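Chemist: got a sequence here, can you model it:
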Amino acid sequence: MKRFAVPIAAFAVACVLPFMLGNYTTFQLTMAMTYAIALFGLNMLTGYNGQISLGHGAFFAIGAYTAAILMDKANWPYWTTIPVAGLVCLVAGFLFGLPALRLEGLYLAVATLALGTAMPQILKYKGFEHWTGGSQGVVILKPDAPEGIPLNQDQWLYFFTLFWVVVLFVIGWNLLRGRVGRALIAIRDHPIAAQAMGIDTAMYKSLTFGVSALYTGIAGALASIAVQFASPDSFSVFLSLTLLIGMVVGGLASISGAFYGALFIQFIPNVADQISKAAPWAIYGVFLIGFMYLMPSGVAGLVAMVRRRFFRKEAS
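Modeler: Numbers count the residues shown, from 1 in each chain. Reported below is the predicted structural model:
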């Protein structure tokens with residue numbers, strides 16, 4: 001039961017925060033939770049399975065546009081668009097993962113980088129303009145809380161996103177802590193030995209790519225609903241690099257690291273901007289170098305080390 005004490009306490013705090021903070025800060029925390037979902041998906045692929053992706057912003061964009069188009073063009077209720085966005089990205093990720101099986105390491109990173117770079121131009125293509133809105137993007141309405149629930153729009157979207165965070169992280173935790181997780185780590189660390197043990201490495205790699213894209217697509221759909229907008233320029237290759245940075249800062253092959261990384265990529269740029277309006281990205285770079293120098297295994301690695309030392313002292 002002790003292992004669940006921290007997640008339960010964190011969930012309790014998360015349920016209280018929207019009533020203690022302003023609407024804008026609540027919105028920022030909602031966006032941080034969407035990034036946490038995307039980082040968890042990327043960590044499945046890179047941290048646990050060893051496949052490097054520099055183009056996950058593309059799946060974030062696919063999920064965001066799927067939700068936005070269904071709400072804008074087909075008048076679907078916002079909550080029904082989330083699983084559809086995940087399913088679309090699952091298929092897209094699986095199909096992209098099949099040819100990517102022939103690529104390893106930096107070659108796979110370059111291929112995914114190409115996907116992330118091309119996605120904004122694809123979304124601006126005139127043939128898709130009726131659906132994507134071209135360079136103008138798609139504007140959607142922020143949903144109200146269901147009748148009878150005394151929450152404003154920002155608070156309701158916060159709890160709606162929190163629900164998906166809990167569902168997806170519980171599912172992901174069960175996957176990674178069981179047979180599937182052990183197979184992914186075996187493929188990452190000893191691919192030849194994993195094949196010799198009868199693990200279907202090709203199928204596991206493709207499915208991992210698909211599930212990772214599913215998580216990222218759901219994150220994109222939730223983000224577009226929170227922002228009320230989906231635009232090609234919002235999903236540049238910089239988003240893919242930002243997700244990679246968040247994953248590394250949070251901690252590779254760490255479930256809790258997704259939250260630490262999400263808080264970093266959501267709030268540190270704002271802190272850097274407050275410190276220096278003239279050179280915010282220089283300050284951001286200093287923060288990033290500091291995190292990497294002081295916490296080479298990520299924030300989750302530092303937290304785990306402190307926890308081990310604390311319990312060791314307690315035991316003695």
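Chemist: elements contacting the helix or strand that contains L29?
Modeler: Per DSSP states H and E, L29 falls inside helix 23-43. When contacts are defined as 3 or more CB pairs under 8 Å, 6 or more residues apart in numbering; DSSP states H and E, helix 23-43 packs onto helix 56-73, helix 153-176, helix 201-227, helix 237-250, helix 257-275. Quick note: C-beta positions are derived from backbone N, CA and C, even for glycine.
Chemist: ok, which of those helices comes nearest L288?
Modeler: Smallest distance to L288 across the helices and strands packed on helix 23-43 (CB to CB): 6.8 Å, for helix 237-250.
Chemist: quick one: buried residues of that closest one?
Modeler: 237, 239-250 (16 or more other CB atoms under 10 Å).
Chemist: stretch 11-25 now?
Modeler: Neighbour-count burial for stretch 11-25 [16+ other CB under 10 Å]: A14, P18, L21.
Chemist: turn those into TSV, including pLDDT.
Modeler: As requested, the buried residues of stretch 11-25 are exported to TSV (pLDDT from 0 to 100):
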residue	pLDDT
A14	95
P18	94
L21	93
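Chemist: columns distance to A92 and secondary structure on top of those residues, output as TSV?
Modeler: TSV is the format used below for those (distance: CB to CB, whole Å; DSSP: H, G, I helix; E, B strand; the rest coil):
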residue	distance to A92	secondary structure
A14	30	helix
P18	33	helix
L21	35	coil
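Chemist: related to what we said a few turns ago, closest one to A186 among the helices and strands packed on helix 23-43?
Modeler: That would be helix 201-227 among these, by CB to CB, at 9.0 Å.
Chemist: gap between the helix holding L29 and the chain center?
Modeler: Mean-position distance between helix 23-43 and its chain equals 7 Å (CA atoms, centre = their mean, to the nearest Å).
Chemist: okay, buried residues for it please.
Modeler: 26-43.
Chemist: pLDDT of that helix, averaged?
Modeler: For helix 23-43, mean pLDDT is 96.
Chemist: go on, stretch 73-91?
Modeler: The average pLDDT within stretch 73-91 is 96.
Chemist: ramachandran angles for the closest residue in space to G137 that isn't next to it in sequence?
Modeler: Leaving aside its sequence neighbours, G137 sits nearest to S231 (CB to CB, 6 or more residues apart in numbering; 3.2 Å). For S231, the backbone dihedrals (degrees, to the nearest 10) come out as phi -130, psi 140.
Chemist: and the gap between S231 and T208?
Modeler: Remark: distance between S231 and T208 (CB to CB, to the nearest Å) = 29 Å.
Chemist: between those two, which one's more packed in?
Modeler: The neighbour comparison of S231 against T208 (other CB atoms under 10 Å) goes to T208, with 27 against 23.
Chemist: pretty sure that one is touching N43, no?
Modeler: No. Look at T208 against N43 with CB atoms under 8 Å: they stay out of range, at 10.9 Å.
Chemist: format the buried residues of stretch 11-25 as JSON lines; extra columns: distance to K126.
Modeler: Listed next are the buried residues of stretch 11-25 as JSON lines, based on distance: CB to CB, whole Å:
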{"residue": "A14", "distance to K126": "43"}
{"residue": "P18", "distance to K126": "42"}
{"residue": "L21", "distance to K126": "43"}
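Chemist: which among these gets closest to G97?
Modeler: Among those, and counting by CB to CB, the member closest to G97 is A14, at 32.6 Å.
Chemist: quick one: residues contacting that closest one.
Modeler: By CB atoms under 8 Å, 6 or more residues apart in numbering, the residues touching A14 are L162.
Chemist: what pLDDT does the nearest residue to A38 once chain neighbours are set aside get?
Modeler: Leaving aside its sequence neighbours, A38 sits nearest to A219 (CB to CB, 6+ apart; 3.8 Å). Looking at A219, its pLDDT stands at 98.
Chemist: any idea how far A219 is from P77?
Modeler: Distance from A219 to P77, counting by CB to CB: 19 Å.
Chemist: and what of F267?
Modeler: In terms of CB to CB, F267 sits 31 Å off from P77.
Chemist: of these two, who's got more company?
Modeler: F267 (15 against 9).
Chemist: touching, that one and Q28? I think so.
Modeler: Yes. Between F267 and Q28 there is a contact at 7.1 Å, judged by CB under 8 Å.
Chemist: need the contact list for the residue nearest to A38.
Modeler: Going by CB under 8 Å, 6+ apart, the list of residues near A219 reads T34, Y35, I37, A38, G41, F60, G63.
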